[in-house]
Structures are given as structure tokens and as C-alpha cells.
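Chemist: need a structure here:
(one chain, ligands or ions: 1)
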Amino acid sequence: MNQDYIFPHIEKCLAENGVSLTTDICEEGKGAAIANTYFLQTDDGNFIIDPACGERRLRQIETRLPFKEYDMLLTHSHLDHSANSGAKVFHNSQVICHPLVAGKINNLQRNYTDVTAEMVRVFGVDGFFGRTGMLSPSMIKLLMGIQKLSPAILDRLLNAVSLALLRRKVGRIYPPTGKVVFLREDQRTDLLFANTPFRGWILGEKLFALETPGHQDDHLSFYVPDRKILFAGDLVSFLNPNDILDGCLKDTRIYMQKMLQLAESGGINILAVGHALPVIGKDQVIAYLRLLIDKQEEAFKTVEEIVASFPDKRDFDGIITKVYAHESELMKKILKINYPRSVSFIDVYVYLYLKEYCWEETDIN
Ligand SMILES: [Fe+2]
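Modeler: Now for the predicted structure:
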């Protein structure tokens with residue numbers, strides 16, 4: 001794989017705007033599991049946005065880094081964006097992130113181990129491992145036997161397996177030490193760009209951190225209004241959200257629309273996303289966002305209709321069985337990219353839908 005490949009027309013346009021990147025994407029229209037790392041040069045300083053994860057990415061960053069002095073911006077704390085943030089090579093830089101990252105930074109592995117444990121807690125051993133096709137029926141039976149014998153032993157086992165998988169998937173985790181800057185709640189302010197209101201932080205005269213929850217509660221997008229560049233992390237991805245602990249379906253819909261509003265008002269010429277190549281050009285950005293939002297809304301309406309046909313909204317197993325059996329092309333595609341091959345995970349999506357739109361507080365165990 002050509003690790004540093006980027007299409008020349010994209011690279012040229014980015015360079016004219018003080019941006020470069022390192023990515024695992026090698027083909028237009030394709031994505032990558034590990035997030036892109038962007039380098040941004042502004043009058044307010046130099047920045048690395050999302051150092052991602054893995055030793056290979058650290059070497060790529062060292063090779064391509066266009067400046068010596070810089071700070072780091074984290075769009076959110078998911079490991080594929082943040083695991084390298086405390087690596088030795090960045091020892092001089094500040095790591096700037098959302099206030100909510102404060103509770104997670106010393107235990108970044110929580111993003112994986114706790115999420116897996118929560119999935120098993122919510123969906124059950126058979127639901128989680130069975131629907132995703134991760135384990136054979138005999139293995140599932142064995143785990144259910146262990147669970148019956150001792151839930152604590154199952155928890156420990158899941159945690160150990162998650163850690164091993166985590167190590168293989170993202171490599172070593174380097175939580176930042178010493179120089180983390182958690183943006184302060186009392187400094188969050190109202191911002192207005194191209195008639196689109198946001199809440200966020202002023203990082204410099206021409207650089208802003210916009211609060212864009214949904215994909216994860218600590219998600220930020222970084223905006224350079226005079227160049228009309230938005231670093232949008234994972235807010236605009238499909239199928240979103242996929243985080244059972246910190247994701248929010250309502251916020252995802254609100255903030256994806258907000259991104260579209262900003263783009264339609266002429267506020268985005270470059271949309272720098274986490275797992276695809278940056279989108280260049282106002283019209284292209286609008287078309288990209290509209291397409292993603294349409295797909296997202298189609299998934300939403302499908303789930304909404306299926307749930308509406310169930311008198312008992314707590315019948316998760318019945319609802320999810322009907323979702324899996326749905327005949328639409330979109331649903332077939334969603335099931336094809338299911339966890340763990342992708343972070344897209346329809347079970348989480350349906351669970352969050354029920355939790356946010358149907359269930360009372362007392363229904364959530
Ligand atoms: Fe993410």
C-alpha cells in the first residue's frame with residue numbers, strides 16, 4: 001500500500017490553503033479505518049489535527065510533518081483519532097480537546113473495552129456475538145455457560161479479549177501526559193458563521209473549535225472561516241452514531257444539518273473528514289453532505305417505520321430481527337458493513353433510536 005498517496009489535485013488545493021495530510025486511503029471514493037491526520041498552518045500557529053493510532057502512522061507523521069513547532073487538536077477521543085496523542089514525538093505540543101475528554105483521557109482504552117462490555121450487557125451474549133457473526137454457536141453457548149456461572153468472570157474474559165483485539169487493531173495507546181488543554185466550559189461562547197449559529201471556542205483570530213456532538217459527546221469540528229475549511233472529524237459519516245456509550249442520534253441529525261446549513265450559506269469550500277478524502281469545492285461539499293444526510297434519513301425512516309409497527313417498544317429482539325430482515329438495498333448494505341468489519345453498527349443505531357425517541361427513563365436498564 002502506498003501509505004502517503006494523495007491525489008495531486010486535492011493535495012494542491014489543500015496546500016494553497018495551508019493544509020496537508022497523511023492518510024491510509026489509496027483510492028478515490030474509498031475510506032480507511034484509521035482516521036486521516038491533517039496538518040494546518042495558520043497565523044494563529046501550526047496544528048496537527050488527529051494524530052490517529054499505530055506506529056506506522058507515527059512514522060508517516062514524522063515523514064510528512066511540515067513544521068517543527070505545533071499544537072495538537074483532537075476532534076474526539078475515539079482511539080482511531082486519538083491513541084497517538086501522547087506519543088513521545090509530540091512531547092512539546094499541547095493537546096487541545098473538548099472538556100468532556102477530561103474524564104476519559106487517562107483511560108483511553110475505555111473506548112474499546114467498555115464499549116464491548118456495554119454492547120454485551122445491552123444486547124446479551126447471543127445477541128451481540130450471534131447477530132454480528134463474530135463467534136460460532138458453540139462458542140456463544142460456552143460464553144453463556146460462563147455468564148450463568150459467574151458474570152464477573154465473563155466480564156474479565158471480555159475485557160481481556162477486548163484489550164488483545166484493541167492492541168491488534170490500534171496498536172499501543174499513548175494518553176497525553178502533562179500538556180493537555182481541556183477547553184473550559186466557562187469560555188464556551190456563541191459563534192456565528194455564514195448565518196449558522198454554533199457554540200464553541202475561539203482558539204485564535206482565525207481558528208475556532210465548534211461543538212458538534214452526535215457521533216460522540218466530546219466531538220469538536222475545527223473551523224478556519226477565512227479559508228472556509230472545516231475539519232469535521234467523524235460527524236459526517238455513515239452510519240452514525242455507532243458509539244453506544246457516548247453517541248447521540250438526535251445530536252447527529254441536528255449537527256449534520258448544521259454542517260449542511262453552513263455549506264449552503266457558502267461557509268465551506270473544503271470539508272476535511274476523518275475517514276475519506278477531503279471534499280473540495282462548495283458545490284461538491286453540499287452534494288456530499290446532502291447525499292450522506294439522505295442516506296442517514298432513509299435509515300432513520302426505515303427504523304422509525306419498523307418500530308412504529310411494534311406495540312411493545314421494549315421488544316428489542318423482535319424489532320432488531322425485523323430490521324435485519326428488511327428488504328431495502330440500504331439495509332442490506334448496512335448489514336454488509338456490520339461490526340466488527342466496520343464501526344457501523346445497526347444494533348447500536350436501533351438501540352439509540354429506542355432510547356432517545358421511545359423509551360422512558362425506567363425502560364433503560
Ligand atoms: Fe469516531
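Chemist: Give the residue spans of the stretch 101-250 of the chain that score low on pLDDT.
Modeler: Within the stretch 101-250 of the chain, the ranges that satisfy pLDDT under 70 run 111-112.
Chemist: Now do the longest helix belonging to the chain: distance to the chain's middle.
Modeler: Scanning the chain for the longest helix, with DSSP state H as the assignment, gives helix 282-308. Averaged C-alpha coordinates place helix 282-308 at 17 Å from its chain's average position (C-alpha atoms, centre = their mean, to the nearest Å).
Chemist: Buried residues in that helix, which are they?
Modeler: Across helix 282-308, burial judged by 16 or more other C-beta atoms under 10 Å covers 282, 285-286, 288-289, 292-293, 296, 299-300, 302-303, 306-307. Backbone N, C-alpha and C define where each C-beta goes, glycine included.
Chemist: Quickly note the distance from the residue most central in space within the chain to the ion.
Modeler: With distances taken as C-alpha atoms, centre = their mean, the residue of the chain nearest its centroid is residue 234 (4.0 Å). Plainly put, residue 234 is 4 Å away from the ion if you go by C-beta to the ion, to the nearest Å.
Chemist: Just confirm that residue contacts residue 292, I think it does.
Modeler: No - using C-beta atoms under 8 Å, residue 234 is not in contact with residue 292, being 11.8 Å away.
Chemist: Provide a list of residues in contact with residue 271.
Modeler: 230, 232, 236, 259, 263, 278-279, 285, 288-289 (C-beta atoms under 8 Å, 6 or more residues apart in numbering).
Chemist: Show me which residues of the stretch 151-300 of the chain sit near the ion.
Modeler: Selection of the stretch 151-300 of the chain residues close to the ion by C-beta under 5 Å from the ion yields residue 234.
Chemist: At which residues are the helices of the stretch 151-300 of the chain located?
Modeler: Using DSSP state H, counting those that start in this stretch, the helices of the stretch 151-300 of the chain run over residues 151-170, 249-264, 282-308.
Chemist: quick one, which of the ones you listed is nearest to residue 21?
Modeler: helix 282-308 (16.5 Å; C-beta to C-beta).
Chemist: quick one, the helix or strand where residue 142 lies and helix 151-170 angle?
Modeler: Using DSSP states H and E, residue 142 maps to helix 137-149. Angle of helix 137-149 versus helix 151-170, following axes from the mean of the first three to the mean of the last three C-alpha atoms, to 10 degrees, is 130 degrees.
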